[in-house]
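A.B. asks: what's the 3D shape of this:
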Amino acid sequence: RSTRAAAVRTLALGVALAHPALGGALALPVLVAGAVAAPRRARSAAPTDTVVEMRAGDRVQLQGIEGRLTIEAWDGDRMEVRTDDQAGPLSVRRSGATVRVAPVDAKGRRRSLDVSVRVPAFVDVEVGGRSLDVVVHGVAGRLTVDNVNGDVWVQDAGGPVEIRTIQGEIVVSGGVGGVTASSQSDDVRLRDVAGPVDVHSGDGDVELMDIRSGAVRVETQDGDIDFSGTVQDGGDYGFFVHDGDATIAIPSDAQVEVRVSTFDGDFESEFPVVLERFTGGREFDFTLGAPRARMEIQVFDGEIRLLRRM
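C.D. replies: Prediction:
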């Protein structure tokens, strides 16, 4: 009887900690309604959950997690966090409009975690990690990922996306708020993205497919650029490669002024080109239709291909 009473008290404490009206700090693991206290050995195999009510204007910070982090937006008005109890507890703290999720300090010992988070679609999300693979789906607020080592995949973003990683691939599929992305040593791939695009890669390729934007800037040092997208009136497009090729596919009815610069490479075009300015075989301008947009393509050592996108 005394053991059962202790379990009931523990259950009540877990429910009280999860109540949004109390604020303060939550620490996983937290028992949920209907749970039965398990023997010590069996407890490590059980999933751990916590729930936090969210409001308009809130943001979620996930900091210091190493391993794998999955973030999924949903229609609910609460955040749910789950991790394997074997990895150790997480702390969940609210301070004003910010809810911060981080591993509990384990005397400097790093642990690889597998964390799943469901958030309301409207919240802003910030992720910071050192060695972390990140998967994000459906977040409509601002999404920021700052990572050192690990891949980042984002799907169906409804707000601005900003991703920085030193070593890791970046993939964004579907988005309407624009993307800023930088990977120093791996590829960056965007598909079906609308809004401003600013992408940098040190040693990787940059692939941008089905881009709908009036502001595009792409740079890579030792990789190729492949771009396919619209050319909007008043738009500004820049593609810069040091050691690699640039393949740019634009609509056949594009209205754009183009400046091409290459030090040691070739230029090919599926459009009829009439040169308007020519400098030593390395730099020239031409116009497709009326000059309603600007485009600059610079390749130091590589080929430039300008293709029709039907």
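A.B. asks: residue 211 contacts residue 228, doesn't it?
C.D. replies: Yes - with contact defined as C-beta atoms under 8 Å, residue 211 counts as touching residue 228 (7.0 Å). Every C-beta, even on glycine, is put in place using the N, C-alpha and C of the backbone.
A.B. asks: give me the more crowded residue out of those two.
C.D. replies: Here residue 211 and residue 228 are compared on neighbour count by other C-beta atoms under 10 Å; more neighbours surround residue 211, at 20 against 17.
A.B. asks: next up, the contacts around the closest residue to residue 178 other than its chain neighbours.
C.D. replies: Closest residue in space to residue 178, ignoring its immediate chain neighbours: residue 195 at 2.9 Å, by C-beta to C-beta, 6 or more residues apart in numbering. Residue 195 is in contact with 160, 175-179, 212-213, counting by C-beta atoms under 8 Å, 6 or more residues apart in numbering.
A.B. asks: surely residue 255 touches residue 295?
C.D. replies: No - in this structure residue 255 lies outside contact range of residue 295 using C-beta under 8 Å: 10.8 Å.
A.B. asks: now list whatever residues contact both of these two.
C.D. replies: residue 231.
A.B. asks: so residue 65 sits in a helix?
C.D. replies: No - residue state for residue 65 (DSSP: H, G, I helix; E, B strand; the rest coil) corresponds to coil; a helix is not indicated.
A.B. asks: please begin residue numbering at 856 from this point
C.D. replies: Okay, residue one is now 856; in that scheme the one you just asked about reads as residue 920.
A.B. asks: correct me, but it touches residue 967?
C.D. replies: No - between residue 920 and residue 967 there is no contact, the gap being 9.4 Å when judged by C-beta under 8 Å.
A.B. asks: counting neighbours, go ahead and name the busier of the two.
C.D. replies: residue 920 (26 against 11).
A.B. asks: ok, the more buried one to residue 978 distance?
C.D. replies: 17 Å (C-beta to C-beta, to the nearest Å).
A.B. asks: alpha carbons only: can I get the longest strand along the chain in PDB?
C.D. replies: Determined from DSSP state E, the single longest strand within the chain is strand 979-992. Extracted as PDB, the C-alpha positions of strand 979-992 are listed here (Å, rounded to 0.1, in the frame of the first residue of the first chain):
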ATOM      1  CA  ASP A 979       9.000  30.300 -34.300                       C
ATOM      2  CA  VAL A 980      11.700  27.600 -33.900                       C
ATOM      3  CA  GLU A 981      15.400  28.000 -33.200                       C
ATOM      4  CA  VAL A 982      17.800  25.000 -33.200                       C
ATOM      5  CA  GLY A 983      21.400  25.100 -32.100                       C
ATOM      6  CA  GLY A 984      23.700  22.000 -32.000                       C
ATOM      7  CA  ARG A 985      27.300  20.700 -32.400                       C
ATOM      8  CA  SER A 986      26.700  17.300 -33.800                       C
ATOM      9  CA  LEU A 987      23.100  17.000 -34.900                       C
ATOM     10  CA  ASP A 988      20.900  15.800 -37.700                       C
ATOM     11  CA  VAL A 989      17.800  17.800 -38.000                       C
ATOM     12  CA  VAL A 990      14.500  17.000 -39.700                       C
ATOM     13  CA  VAL A 991      11.700  19.700 -39.800                       C
ATOM     14  CA  HIS A 992       8.300  19.400 -41.400                       C
END
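A.B. asks: got a list of contacts for stretch 1151-1164?
C.D. replies: Taking C-beta under 8 Å, 6+ apart as the rule, stretch 1151-1164 contacts 1079, 1083-1084, 1092-1107, 1113-1126.
A.B. asks: identify those among those residues that sit within helices.
C.D. replies: Taking DSSP state H, every one of the contacts of stretch 1151-1164 sits outside helices.
A.B. asks: in the helix or strand following the longest strand of the chain, which residues are buried?
C.D. replies: As assigned by DSSP states H and E, the chain's next helix or strand after strand 979-992 is strand 998-1004. For strand 998-1004, a neighbour-count test (16 or more other C-beta atoms under 10 Å) marks 998-1000, 1002-1003 as buried.
A.B. asks: and stretch 972-985, by the same measure?
C.D. replies: For stretch 972-985, by 16+ other C-beta under 10 Å, it's 972-984.
A.B. asks: start to end distance for it?
C.D. replies: 19 Å (C-alpha to C-alpha, to the nearest Å).
A.B. asks: list the contacts of the helix or strand that contains residue 1047.
C.D. replies: Following DSSP H and E, one finds residue 1047 within strand 1043-1049. Applying C-beta under 8 Å, 6+ apart, the contact partners of strand 1043-1049 are 1024-1034, 1036-1037, 1052, 1054-1056, 1059-1068.
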